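**Student:** model this:
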Amino acid sequence: MADVSQLTDVAEIQRRLAAIREQERKEDLELRQMLAKRPEFDLKMESLQRLRPKLGKLHADSKDLFELVGSTCSLAENISSKVRELDLAKGRLQSAIRRVEDIIDLKSCVEGASAALASQNYETAAAFVHRYLSFDKAVFASETDQSSKEAFTSLDNTHEEIMAIVRDRFALAVRQRDLPNVTRFTKLFPLVGLRAEGLQQFEQYLCSLAAGVSSEGSYVDRLTHVFEHIAKIIDENEPLVDTHFGPGSMAGPIAALQQQCDSQAETIVTSFIAARKLESVAHTVSRLLASSTFPENAPDPREFDTLLAELALLMARGNLYFAFVRRRFTSHPDATAVGAHDSEECEKLIRNSGLNRQLQVLAGLYIPLEEYYMKRSVHKALAVDKRDPATALVSTMVDDCFFILSQCSRRALSTCNVDCFCATVNHLVTLLLSDFTSVLRVRLQPRTTIDFSSLQERLQAGLSSNTRVNFAPYEAVLIAMNNAEKASEYATQLAVDLKSECDHVFASHLSRDQVKLESCLGDVTGLAPRFLELIEVSRQFSSLVLWHAHSTRNIFTTQSHPTLLSPAYQCQLGLLYLRSAVLEPRLRAQAEAAFEDSYELSEEDIANFDTSSPQMASFIVAQQSLLLPLRDLLSPDNTARTVLAAAEASALLLERAAMQCRFNRLGGLQFDRDLRALLAQIATLTQWSVRDKMARLVQMATILNLDKVSEFLEYWGPAAQITWRLSPAEVRRVLALRTDFRAEEISRLRL
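**Tutor:** Presented below is the predicted three-dimensional model:
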């Protein structure tokens, strides 16, 4: 504002004046705001004034507290310095006490060791020497006392003397087989500083005990006696070794004993293989298996039953012994002494042992013999198959084959060898999927030639609606279907049983073995659906074949279908031939007969009908008379499958026949009643639901039962919550079957 007096321009002067006035206005506003807060400031000042007297007292109290803390700190410092002095004095006193105790112990060791040696009390002498060896010789390094030096010299001499005595007396006890003295001097080795040497000497002694095993009895008994003898040695001496040489020290003696076990096991197994001529037998069997042909002079599988049992027992004994060794390596009471390293060392010892190699040789001989036994035995069971006299539903092949295979798989499981078991199970699965399934598949293909001329004469002569069908030409097929279902049940049960037994036998095996077991057991579990697939392939045969005896007209002739009479064609197509050339045409004839008369009915016609129309009633009665005999020939599940197949085929052919018929309103109502009667009749034959098989027919009945065309829209679309099996074009075709529905209304429907 210093240059205001120099302003000469009026506009500039006015601008400056306006700025000054604006600044003045802001300052006045701030001042008024501050004055408005004055009551608040006054209240705060009053509260501060009230606190002023208390501040003086607070200052005085703080000063007193400071002085008190200062004096306390000084006192604590004085006390801590004295405590440090006392602690230092205590440490020096304890060191002096230990020094005195060591000197006293040294002198007592000298006197005690000399006296114990003189009285041949070697345990006491060894204890004094052990105490001497635990001394910290650095403590006595600066000792200038002549007596201490003489004491050390005396104890060194005593140490040498007691070591020599322990070595000599232990060797003498071993030569004389003096077990008490062997145990006595074994305990002294660690006390006199010879732990490693003592453990090695004791290992040699244990090996000498294991060498003298009797060689009498059968091969299985001899090998079992070797394992039991070595296991007994380990059990009896493990507490001694662990107590005096430290936890886990038995690993060395076990490894040494394993060498003795390998030597004796190799001798026994080699003698067994030579005596049984196993290599020659295995070679012959492998050659026969590779050629897949078994001449008349081929070995009888029953001859191998005892041999396989011996092989299984030999492998079982060996694997049980290995399980014992694993437990001794990994189940020590002191858990801190055992770790992954011990398990790895144990597996390495077993893997590299001679016994393991001999067990692998036995497994290599066992697997082809077991495969040959299974295959030949199953082939014989299939060859002598006959209808089971205990039941009219199955033949003997299923029980015989699964008994043989179950026996073989359990024998392989008893070997406790994962590779043997998995190989046997794989052969079992292959045998069931090839030879056993091939027999079932062949028997599911009827080889009966249909005599059409004879059939036509029977049809023309007419059959009453309650005539029962003769199933003799198709008995083999029906029994094969039951066999397939029973085989599925047995396969499921076999898988469950083997899984349970494997969990018990192989519970402690490695993870890679568990994966292998799960894989092969999964193959056994997969057998059940494979057998059921055979039934699904042929399930329609047993129901559709029934219709040939009740056809009301002859559809096929030699002239119209010449290839159907060809035996080569029948053999080639099997079930497909029976279904397409014989069964379905007869079913089609029945369906067409049901719609020969129009469904343009009057109220008088409806009144004359009971529940269903005469032609549909005939269809229903004929179907029931055809399906009922199956209950005596098929298992319950196979009967249900056949009924479903018949329902599916009936629905397809009835639908095609209905599309050629004409309906009115009352005819649609009657068609719905006919269909309900058919469903009710089928429901009496099986508890399985058949509505899904006949869903399209049910929806056709719904459409044909409408009062008017536009009413259909109430059933169409997402809001109706109906899953339509009919397409829009098919819906229009069904609506067109009603003679009272106009084509223009049908075409105007927006579907």
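**Student:** so where's the stretch 401-550 of the chain shaky on pLDDT?
**Tutor:** Scanning the stretch 401-550 of the chain for pLDDT under 70 picks out 445-474, 509-510, 536-550.
**Student:** can you give me the strands for it?
**Tutor:** Using DSSP state E, counting those that start in this stretch, the stretch 401-550 of the chain contains no strands.
**Student:** That one: helices as residue ranges?
**Tutor:** 418-431, 437-443, 452-461, 475-505, 511-525, 527-544 (DSSP state H, counting those that start in this stretch).
**Student:** Same question for the stretch 51-200 of the chain.
**Tutor:** 122-133, 146-175, 179-191, 195-211.
**Student:** Could you list the low-pLDDT ranges of the stretch 1-150 of the chain?
**Tutor:** 1-5, 100-103, 136-149.
**Student:** returning to that earlier point: the helices of the stretch 51-200 of the chain: which one's closest to Arg732?
**Tutor:** helix 195-211 (93.8 Å; Cβ to Cβ). In this view, the C-beta of every residue, glycine as well, is placed from N, C-alpha and C.
**Student:** Can you spell out which helices and strands pack onto that closest one?
**Tutor:** Packing partners of helix 195-211 (3 or more Cβ pairs under 8 Å, 6 or more residues apart in numbering; DSSP states H and E): helix 146-175, helix 179-191, helix 219-245, helix 251-276.
**Student:** Would you convert those into a markdown table that also reports distance to Gln6 and mean neighbour count?
**Tutor:** Formatted as a markdown table, the helices and strands packed on helix 195-211 follow (distance: least, Cβ to Cβ, whole Å; neighbours: other Cβ atoms under 10 Å):
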| stretch | distance to Gln6 | mean neighbour count |
| --- | --- | --- |
| helix 146-175 | 114 | 16 |
| helix 179-191 | 116 | 19 |
| helix 219-245 | 114 | 18 |
| helix 251-276 | 112 | 18 |
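**Student:** Rebuild those as JSON lines, extending it with distance to His59.
**Tutor:** Output for the helices and strands packed on helix 195-211, formatted as JSON lines (distance: least, Cβ to Cβ, whole Å):
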{"stretch": "helix 146-175", "distance to His59": "71"}
{"stretch": "helix 179-191", "distance to His59": "77"}
{"stretch": "helix 219-245", "distance to His59": "76"}
{"stretch": "helix 251-276", "distance to His59": "79"}
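**Student:** hmm, back to that, show me the one of the helices of the stretch 51-200 of the chain that comes nearest Ser353.
**Tutor:** helix 195-211 (14.2 Å).
**Student:** what angle sits between that closest one and helix 179-191?
**Tutor:** Angle of helix 195-211 versus helix 179-191, following axes from the mean of the first three to the mean of the last three Cα atoms, to 10 degrees, is 150 degrees.
**Student:** Now helix 195-211: average pLDDT?
**Tutor:** Helix 195-211 shows a mean pLDDT of 88.
**Student:** Run the chain-centre distance for that helix.
**Tutor:** Offset of helix 195-211 from its chain centre (Cα atoms, centre = their mean, to the nearest Å): 45 Å.
**Student:** With stretch 52-72 instead?
**Tutor:** 79 Å.
**Student:** In PDB, could you pull the C-alpha coordinates for that stretch?
**Tutor:** The C-alpha trace of stretch 52-72 is given here as PDB (Å, rounded to 0.1, in the frame of the first residue of the first chain):
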ATOM      1  CA  ARG A  52      -4.200 -25.000  38.600                       C
ATOM      2  CA  PRO A  53      -4.100 -25.800  42.400                       C
ATOM      3  CA  LYS A  54      -3.800 -29.600  41.600                       C
ATOM      4  CA  LEU A  55      -0.800 -29.100  39.400                       C
ATOM      5  CA  GLY A  56       1.300 -28.000  42.400                       C
ATOM      6  CA  LYS A  57       0.500 -31.100  44.400                       C
ATOM      7  CA  LEU A  58       1.100 -33.300  41.300                       C
ATOM      8  CA  HIS A  59       4.500 -31.700  40.800                       C
ATOM      9  CA  ALA A  60       5.500 -32.500  44.400                       C
ATOM     10  CA  ASP A  61       4.300 -36.100  44.200                       C
ATOM     11  CA  SER A  62       6.300 -36.600  41.000                       C
ATOM     12  CA  LYS A  63       9.400 -35.300  42.600                       C
ATOM     13  CA  ASP A  64       9.000 -37.700  45.600                       C
ATOM     14  CA  LEU A  65       8.400 -40.600  43.200                       C
ATOM     15  CA  PHE A  66      11.600 -39.700  41.300                       C
ATOM     16  CA  GLU A  67      13.600 -39.700  44.400                       C
ATOM     17  CA  LEU A  68      12.100 -43.100  45.500                       C
ATOM     18  CA  VAL A  69      12.900 -44.700  42.200                       C
ATOM     19  CA  GLY A  70      16.500 -43.400  42.300                       C
ATOM     20  CA  SER A  71      17.100 -44.800  45.700                       C
ATOM     21  CA  THR A  72      15.600 -48.200  44.700                       C
END
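**Student:** Flag every buried residue along that stretch.
**Tutor:** Buried residues in stretch 52-72, counting neighbours by 16 or more other Cβ atoms under 10 Å, are absent.
**Student:** what's the answer for stretch 304-321, then?
**Tutor:** Neighbour counts using 16+ other Cβ under 10 Å place 304, 307-308, 310-319, 321 of stretch 304-321 among the buried residues.
**Student:** Compare the helices and strands packed on helix 195-211 and say which comes out lowest on pLDDT.
**Tutor:** helix 146-175 (a mean of 82).
**Student:** That one vs helix 195-211, what angle?
**Tutor:** Using the same axes, to 10 degrees: helix 146-175 against helix 195-211 is 10 degrees.
**Student:** wait, what's in contact with the most centrally placed residue in the chain?
**Tutor:** Compute the mean C-alpha point of the chain, and by Cα atoms, centre = their mean the closest residue is Glu518, 5.7 Å away. Listed by Cβ atoms under 8 Å, 6 or more residues apart in numbering, the contact set of Glu518 is empty.
**Student:** 10 Å instead?
**Tutor:** By Cβ atoms under 10 Å, 6 or more residues apart in numbering, the contact set of Glu518 is Lys499, Cys502.
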